[in-house]
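Compute the structure for the input listed below.
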Amino acid sequence: MPVMIWTSDSLHVFYGQYYLCDARVIPDQETLLKVHDENSLIKAGPGHLVVLCGTHTGNVRLTVILCPAEPALGLDAWDAVVDLSHYSAEGDTWLTEWGGEPRWDAGLLSHTGPGWYRLRLEVRGRDEAMKFNTVLGEPVEEHAISIWPAPPAPEQVHKMADDFGRRHWDSSRPPAPPVYPEAGS
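Okay, the predicted model is just below:
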């Protein structure tokens with residue numbers, strides 16, 4: 001049973017990206033570049049995660065589900081599904097739009113305090129969104145993020161069935177390891 005569910009049709013993305021960041025953490029360029037070279041959907045960096053959208057500029061529909069434990073895996077409704085680990089040093093992870101503006105209405109994502117979390121990102125509509133440079137009005141792309149406390153583990157790509165993802169993801173490459181905090185964090 002989820003702790004909280006939040007949904008918005010107005011998560012605004014620029015340059016096809018949004019973030020999950022600990023307070024005072026700015027996503028780094030290196031992590032952004034690696035998401036294209038790895039699973040094409042989400043990449044962990046120190047204190048943050050970068051999410052890559054098919055929508056270049058506009059709104060995506062996003063649902064955030066805070067869970068006490070790993071939720072059931074459902075693949076049929078989604079084009080791409082990836083799990084990965086995130087370490088929140090201070091327990092202050094927030095959904096953040098491009099440009100660094102937190103979406104406070106989504107709530108605190110590190111809902112059990114400091115430590116390790118597992119995230120499952122499920123998406124559909126990236127291929128449709130790629131047909132447009134700007135998506136105005138109703139979003140054509142939808143994301144769902146489930147978050148639960150869990151020990152660190154390598155990334156797991158459960159499904160990558162959209163053209164956007166298959167163009168970049170190489171299933172023969174080993175899964176990305178979790179990003180551990182720097183010493184002293």
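
Every contact and neighbour count from this point should use C-alpha atoms.
Fine.

so what does the helix or strand harbouring residue 145 touch, helix or strand wise?
Per DSSP states H and E, residue 145 falls inside strand 142-149. If contacts are counted by 3 or more Cα pairs under 8 Å, 6 or more residues apart in numbering; DSSP states H and E, strand 142-149 sits against strand 57-66, strand 115-124.

To residue 49, which of these lies closest?
strand 115-124 (9.9 Å; Cα to Cα).

That closest one to strand 142-149, inter-axis angle?
160 degrees (axes from the mean of the first three to the mean of the last three Cα atoms, to 10 degrees).

Contacts for strand 115-124 next, please.
42, 77-91, 110, 141-152 (Cα atoms under 8 Å, 6 or more residues apart in numbering).

follow-up on the earlier one: turn the helices and strands packed on strand 142-149 into TSV, columns for mean neighbour count.
Output for the helices and strands packed on strand 142-149, formatted as TSV (neighbours: other Cα atoms under 10 Å):
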stretch	mean neighbour count
strand 57-66	22
strand 115-124	22
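
quick one: which of the ones you listed is nearest residue 26?
strand 115-124 (18.9 Å).

Next, the angle strand 57-66 makes with the closest one.
130 degrees.

so which of the helices and strands packed on strand 142-149 gets nearest residue 47?
Of the helices and strands packed on strand 142-149, nearest to residue 47 by Cα to Cα is strand 115-124, at 10.9 Å.

Please export the C-alpha coordinates of the next helix or strand after the closest one as CSV.
Moving toward the C-terminus from strand 115-124, the next helix or strand (DSSP H and E) is helix 126-130. What follows is helix 126-130, C-alpha atoms only, in CSV (Å, rounded to 0.1, in the frame of the first residue of the first chain):
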residue,chain,number,x,y,z
ARG,A,126,8.1,9.4,-25.6
ASP,A,127,7.9,8.4,-29.3
GLU,A,128,4.7,10.5,-29.7
ALA,A,129,6.3,13.4,-27.9
MET,A,130,9.3,13.3,-30.2
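
Out of the helices and strands packed on strand 142-149, which gets nearest to residue 178?
Per Cα to Cα, nearest to residue 178 of the helices and strands packed on strand 142-149: strand 115-124, 9.9 Å.

Show me how far the closest one is from its chain's centre.
Chain-centre distance of strand 115-124: 6 Å, with Cα atoms, centre = their mean, to the nearest Å.
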